[in-house]
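> sharing a sequence plus its predicted fold:
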Amino acid sequence: MSADSSVLGASGLHASAPALTSITFEYEGASEHLISDSLRHGSMVWTRRGRGLVGFGTAARLTTRGEQRFVEARTWFAQLLSQAQITDPINRPGSGLIAFGSFAFSFTSAFDSRLVIPQIVLGQDDEKSWITVTGSAEQLAGLTLDSALERARAAKDEAALAPTTQGEIELTSGQLTAGAYLDAVRQALGTFSESGISKLVLARDIMARSTTPIDLSHVVTALTERYGNCWTYSVDGLVGATPEMLVRVTNGLAEARVLAGTLDRATEGADAPDFAKRRLFDDPKQRHEHQLAIDSLTEALNPISHGMKSPDEPFILQLPNVWHLASDVRAELRPDERGALPSALDIAEIFHPTAAVCGTPTKQAGAVLRQLEGLDRGPYAGPVGWVDSRGDGEFGIALRGGILEDANHMRLYAGCGIVPGSVPEDELAESWAKMRPMRQALGAE
Ligand SMILES: C=C(O[C@@H]1C=C(C(=O)O)C=C[C@H]1O)C(=O)O
């Protein structure tokens, strides 16, 4: 199956936008392990605790760059939906026609932001399992549940690497060496007093080189096994397990999980009782950092919602590598003047970039961090996730991940919130801790 291709517009926007037909079947006989059994190299994945979505093949795709990347993606998806024939008897978040998406952190990035509509999607939530097939009307003529499942089997076989043993991994410096990162943190500390910036999130990268082609299905499986509390994603070579939910939209309800404030669990003395509480929850610097992230989110959420609920105090999220201060914020979305609710993609655009991955105030922080890091973040810290035809969807912040640059090379990224009083060496250690999930998943430690 291949879609008609056409190139639209200026600004490097490439899109195939054929008139699509999409048919969903409920899959009652699906195994409990439908999602974990479907992970293959090259598949598109969004999963947490065995639930989620796995996509294969491309029915249509948009790639775009620059300041208008979200607008172009939204416009393209809206146009595609207006021409699509969608048959979706189960009508749940994630069923019917969906797009996986990944967006560059910065408008200056050379990375292509994208929306991809898979040919086949397997979905499972707490109540139902389903399969969606998308293509031209001819391609879907006579489709039944059995023939859809047969296509899924063929797509899974196609989207797999020949089995090999995992290669040796060598980690080397990326665009920013450890020394350059320490310098950038020192410079950031020097800018606070005169710039009006109170927090800067500085990132760095490292390169993982494997002696054999990196099998993303291994990486994804390892992440899901160890980081069940996180959302594991895989979209066109971008993989990771993020603990941070930028926005989830379900039937008019928006939810976000805000993180800021981190403690490495490998810190000396970390097994003492109440260690995380004392060093994170009771620490004014960490609480301040967390509050800045909540304030920036609630400011962005206010104009599009009502009845916002944000807890008075954060909780401590325990992950295998680090502890975070975390807050879950939720709000009912408010319809616009035409009565339409914003979609998950609309809100991802509004929220991005959050203070948690950029700084405070966000705009000024963004400009300074571009200078200090001198790094193309690519899709790191940008929205990654999916959106459906109703506007429901989930976009996480692409953290704790890496991007496959060619078959044997993956670039890993991590960053840390720098506030007055931050210690450069501690931040470097924290960035290393945040790369631990990927280092382990790649078999590098
Ligand atoms: C920037 C990252 O993480 C962010 C920064 C945090 C912090 O500085 O405490 C915590 C969670 C994330 O919001 C990253 O993982 O790369």
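Sure thing, it's come through. Residues are numbered from 1 along each chain as shown.

> what does the pLDDT read for V7?
pLDDT, V7: 45.

> cool, and the one 3 residues further on?
Among the per-residue scores, A10 shows a pLDDT of 44.

> F315 is in contact with A276, correct?
No: look at A276 against F315 with Cβ atoms under 8 Å: they stay out of range, at 10.6 Å. Every C-beta, even on glycine, is put in place using the N, C-alpha and C of the backbone.

> so which of these two has more stuff around it?
Per other Cβ atoms under 10 Å, whichever of A276 and F315 has more neighbours is A276, with 21 against 12.

> any idea how far the more buried one lies from the ligand?
13 Å (Cβ to the nearest ligand atom, to the nearest Å).

> before we move on, what about L428?
For L428, the distance to the ligand - Cβ to the nearest ligand atom - is 13 Å.

> pull the CA atoms of the helix or strand where that residue lies into CSV?
With secondary structure defined by DSSP states H and E, L428 is part of helix 424-441. Provided in CSV are the C-alpha atoms of helix 424-441 (Å, rounded to 0.1, in the frame of the first residue of the first chain):
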residue,chain,number,x,y,z
PRO,A,424,27.5,22.8,37.9
GLU,A,425,29.0,19.4,38.8
ASP,A,426,25.7,18.3,40.3
GLU,A,427,23.8,19.3,37.2
LEU,A,428,26.2,17.3,35.0
ALA,A,429,25.7,14.3,37.3
GLU,A,430,21.9,14.7,37.0
SER,A,431,22.1,14.9,33.2
TRP,A,432,24.0,11.6,33.3
ALA,A,433,21.3,10.1,35.6
LYS,A,434,18.6,11.2,33.2
MET,A,435,20.4,9.3,30.4
ARG,A,436,20.5,6.1,32.4
PRO,A,437,17.2,4.7,31.1
MET,A,438,18.5,4.9,27.5
ARG,A,439,22.0,3.8,28.4
GLN,A,440,20.6,0.7,30.0
ALA,A,441,18.0,0.0,27.3
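
> other SSEs contacting that helix?
helix 178-195, strand 199-210, helix 216-226, strand 238-242, strand 253-264, strand 322-333, strand 409-418 (3 or more Cβ pairs under 8 Å, 6 or more residues apart in numbering; DSSP states H and E).

> if we go to 6 Å?
helix 178-195, helix 216-226, strand 253-264, strand 409-418 (3 or more Cβ pairs under 6 Å, 6 or more residues apart in numbering; DSSP states H and E).

> now do it and helix 178-195, the angle between them.
130 degrees (axes from the mean of the first three to the mean of the last three Cα atoms, to 10 degrees).

> in helix 424-441, what counts as buried?
Buried residues in helix 424-441, counting neighbours by 16 or more other Cβ atoms under 10 Å, are found at 424, 427-428, 430-441.

> outline the domain layout of the chain.
The record's domain split for the chain, according to automatic domain parsing, is 14-158, 169-441.
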